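Asks: what would the 3D arrangement of this be:
(2 chains)
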Amino acid sequence: MRYIITALLFSLSLQAEGFINWQPPVVKVTTQDHSQHSGRKAKQLQLHNSNPAANTEVYYLMPTLEKRELTLEDGLVSLPRTGMDNYHALVANQTHGSNVNSSVRYIYSHGRPSKTSPTKITEMKKSELEITPSPLPREHDRYTGSNSYKFEVHFQDKKLPYATVTFNTSNGSEETLESDEGGEFKVTMPNDFKEVKTGRRANRPAEFILKTSHLHEGVTYTSTFSMPYHVNPIDYWQTQTLAIALVILGLVLGIYMFRNIHKKKKGKE
Amino acid sequence: MDKFLTLTWFRRLVQLFFFVIMVYGSLFMTTFYSQDKLTQSLPALSCAYDKQSGDYCTLIPLQHQMDHRVSGLFTGDLNVMQALLPTLITLGTFVLLMVILNKAFCGWVCPLGFFQEMIHALGDKLGFKRFHSLSKSALKKVRPIKWLMLAFLVFIFPLLTGIGFLGHEMGDPFCKICPSRILTTLAVGDTSQLYIDNSSTGYMILSIIADLLFGLMIAMALTIKQPFCRICPMLALQAVFKKVGLFRLVKNGSSSCEKCGLCAKVCPTDIFEIQDVVHKPTNITFADCTLCGMCVEFCPDDDVMQLQYAGFPVFKSSKDYFKKRNKDQRGWEKTTWAEVAPK
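Replies: Residues are numbered from 1 along each chain as shown, chains lettered A, B, ... in the order given. Down below sits the predicted model:
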């Protein structure tokens, strides 16, 4: 219940600011994906703050860089099963008058090897203004609290220096950042989880969103990047001080064993 | 300068080169992602937890495949092709690499093997008394451990986890205790793999074993040659396919082998069997052999020991080389830091 209320508040706060952005549906809506294996539920995502009057393009970029056009229904999009391993990009581009808005979210799916580097999917131009992860967390990894991650702001395929980027999380953290002269910036994911339970699988991820805008020749461009982030085990149920103590204990034990064996050998001689 | 012109020094350079590629390779050889690694089935402990690695060890995909794919055969979730194909591809790549370099992946490529050799050299210089070899009775106890590690930690426990008999922590139990995971991540400045995990008893036990084993390995490497290699499941997995390799250790018969035994004394994994007399050229690439070539360097007889590639000798034992090498080794063993340090 708390999760739903927080997610609802988070999506409402984003709607108020006028940035389109991909988020999991607040109330988990799932439909049958009849096009694929019947009985399995298709994953859905919601495009927040979408303007129904605007010209909207939504597509799914496969790891092989093929595009699949998708349709929005009541702001929701059902993700097709590609049967392919690796990162997919969900992209929305919306044009309305002098506003060009975009949102990108990366989704990891399992399946047969894609044989294409995720570098290519992040490097590929998906919108005029774009926040690009540099890099995305590697397979077997994910965004976690207390860790820092690098991003880049791109405008018309070039890095955009000194762009203001705002960072929000569904747990309530907020920060204003600026890209450097190379168009890069770093974000440290906050450790802002409440009521954390022990174990990786016991905790739901929270959502973070990065937003930026840029005015160029009278046109306002906005872009968002959103992904889930997780509890960092080191902050809660993993201890490093004890681990160092154990390594030292192992060292001492090893040297003690060695000395003992040597003494025995000498005694025999 | 002349003393650096030995097989051991050449091997050290190759090991250093591969250490850089295996631990930091994504910075210049591949990119950051697992997808871009060189083979993803390397017969050496280049760790997938090291995000900057250039490649990763075959044991991680094998454990995952047992857990997530092969187990599907028993639960009925997957058909035979879906369940076995990934494992066959991994093993196929592994065998192909074994054909090229055989067990030399251990002695020439493995970053953990190189690290242990460096620690041993440090132990020498610090004046630690070295164990020249383990006793035959100790070897009898130690040698089967690698096979048990391979069977249980790489195949059986992950498979039972996938079927649902064991907890999730047993999905990749070898990686959870592997010292290379801690070493290679620390080498790139990532401390996230050095931890005690309190989330369940299983995770806690595995993390305690991992940390203790890492400390123990360093301490033992100061005095014993290649302590972890002796129980490493990679050595066992390589042994299964050693006959397909083009790179081999070959011995031609010699009458003085029984009396001499220098080859067995210098062997980093104490394979005393290499001393045995043979009467015709024989492939003696034993299960514990890492094809380091030390036995060839220290064989005092011409052409008795050979490293061969596809049947062609690439390095042969000789009296002259032995004299030079033996002199260098004595010089190395005599000099400790305590002796050369200013008083």
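Asks: need phi/psi at residue 215.
Replies: Defaulting to chain A. Note on residue A:215: its backbone torsions stand at phi -100, psi 130 [degrees, to the nearest 10].
Asks: that was the other one, I meant chain B.
Replies: Per degrees, to the nearest 10, the backbone of residue B:215 is at phi -60, psi -40.
Asks: give me the number of residues near it?
Replies: Applying other CB atoms under 10 Å in any protein chain shown, we find 23 other residues in the vicinity of residue B:215. To be clear about C-beta, it is placed using only N, CA and C from the backbone, and glycine gets the same treatment.
Asks: ditto for residue A:88
Replies: Counted with other CB under 10 Å, residue A:88 comes out at 22.
Asks: what is it paired to in the beta sheet?
Replies: Taking DSSP bridges as the rule, residue A:88 bridges to residue A:107.
Asks: secondary structure class for the spatially most central residue of chain A?
Replies: The geometric centre of chain A, computed from its C-alpha atoms, lies nearest to residue A:227 (CA atoms, centre = their mean), at 2.9 Å. At residue A:227 the chain is in strand, as set by DSSP: H, G, I helix; E, B strand; the rest coil.
Asks: residues touching it, list them.
Replies: A:105, A:106, A:143, A:207, A:208 (CB atoms under 8 Å, 6 or more residues apart in numbering or on different chains).
Asks: and of those residues, the nearest to chain B?
Replies: Within the contacts of residue A:227, proximity to chain B (CB to the nearest CB) peaks at residue A:106, which comes in at 12.3 Å.
Asks: and that closest one, how far from residue A:62?
Replies: 12 Å (CB to CB, to the nearest Å).
Asks: need the overlap of contacts for the two.
Replies: What both residue A:106 and residue A:62 touch, as defined by CB under 8 Å, 6+ apart, is the set residue A:88.
Asks: can you tell me how far the residue nearest to the centre of chain A is from residue B:329?
Replies: 56 Å.
Asks: what's the answer for residue A:85, then?
Replies: In terms of CB to CB, residue A:85 sits 50 Å off from residue B:329.
Asks: how about low-confidence regions in the chain?
Replies: Assuming you mean chain A. Filtered on pLDDT under 70, chain A yields the residue ranges A:1-17, A:27-41, A:268-269.
Asks: switch to chain B, please.
Replies: Using pLDDT under 70, the flagged stretches of chain B are B:1, B:336-343.
Asks: what segments of the stretch 1-150 of chain A are strands?
Replies: A:21-23, A:44-48, A:55-61, A:67-69, A:76-78, A:86-96, A:99-109, A:129-133, A:148-155 (DSSP state E, counting those that start in this stretch).
Asks: any idea which of the ones you listed is most buried?
Replies: Stretch with highest mean neighbour count among the strands of the stretch 1-150 of chain A: strand A:21-23 (a mean of 25; mean count of other CB atoms under 10 Å in any protein chain shown).
Asks: how far off centre is that strand?
Replies: Computed by CA atoms, centre = their mean, to the nearest Å, the separation of strand A:21-23 from the middle of its chain amounts to 11 Å.
Asks: direction included, what does that strand pair against?
Replies: strand A:44-48 (antiparallel).
Asks: next, the contact list for residue A:83, please.
Replies: Contacts of residue A:83 by CB under 8 Å, 6+ apart are A:111, A:112.
Asks: got phi/psi on it?
Replies: Torsion angles, degrees, to the nearest 10, at residue A:83: phi 70, psi 20.
Asks: same check, this time on residue B:85
Replies: Torsion angles, degrees, to the nearest 10, at residue B:85: phi -60, psi -50.
Asks: one more: residue B:74?
Replies: phi -80, psi -30.
Asks: so residue A:254 is in which element?
Replies: Residue A:254 is part of helix A:240-268, with elements assigned from DSSP states H and E.
Asks: quick one: that helix near chain B?
Replies: Yes. Contact between helix A:240-268 and chain B, assessed by CB under 8 Å from any CB of the partner chain, occurs at A:240, A:242-244, A:246-255, A:257-258, A:261-262.
Asks: show me how to select, in ChimeraX, the buried members of the residues you listed.
Replies: To isolate the buried members of those in ChimeraX, using 16 or more other CB atoms under 10 Å in any protein chain shown:
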select /A:242,243,244,246,247,249,250,251,253,254,255,258
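Asks: what about residue B:80, how many residues close to it?
Replies: 9.
Asks: nope, residue A:264 is what I was after
Replies: Residue A:264 has 10 nearby residues by other CB under 10 Å.
Asks: ok, it to residue B:142 distance?
Replies: 17 Å.
Asks: contacts only, for the residue nearest to residue A:120 when sequence neighbours are not counted.
Replies: Setting aside the residues directly before and after it, residue A:120 is nearest to residue A:65 in space (CB to CB, 6 or more residues apart in numbering or on different chains), at 6.1 Å. By CB under 8 Å, 6+ apart, the residues touching residue A:65 are A:116, A:120, A:121, A:124.
Asks: wait, isn't the third one in contact with residue A:90?
Replies: Same thing as residue A:121. No. Using CB atoms under 8 Å as the test, residue A:121 is too far from residue A:90 to be in contact (11.3 Å).
Asks: show me which positions of whichever strand or helix holds residue B:328 end up buried.
Replies: Assigned by DSSP H and E, residue B:328 belongs to helix B:319-334. Within helix B:319-334, the residues scored as buried using 16+ other CB under 10 Å are B:321, B:322, B:324, B:325, B:328, B:329.
Asks: other SSEs contacting that helix?
Replies: helix B:294-297 (3 or more CB pairs under 8 Å, 6 or more residues apart in numbering or on different chains; DSSP states H and E).
Asks: quick one: which of the contacts of residue A:65 is nearest chain B?
Replies: residue A:116 (7.3 Å).
Asks: now do the contacts for the closest one.
Replies: Contact analysis of residue A:116 by CB under 8 Å, 6+ apart lists A:63, A:64, A:65, A:86, B:35.
Asks: adding distance to residue A:46, write those out as CSV.
Replies: Below are the contacts of residue A:116 laid out as CSV (distance: CB to CB, whole Å):
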residue, distance to residue A:46
A:63, 23
A:64, 26
A:65, 25
A:86, 23
B:35, 29
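Asks: around chain A, pick out the residues from chain B.
Replies: Within chain B, the positions adjacent to chain A are B:31-36, B:48-49, B:51, B:128-129, B:131, B:168, B:191-192, B:194-200, B:207-208, B:211-220, B:222-224 by CB under 8 Å from any CB.
Asks: re earlier: contacts for the helix holding residue B:328, please.
Replies: Contacts for helix B:319-334 (CB under 8 Å, 6+ apart): B:2, B:3, B:6, B:8, B:124, B:297, B:298, B:299, B:300, B:301, B:302.
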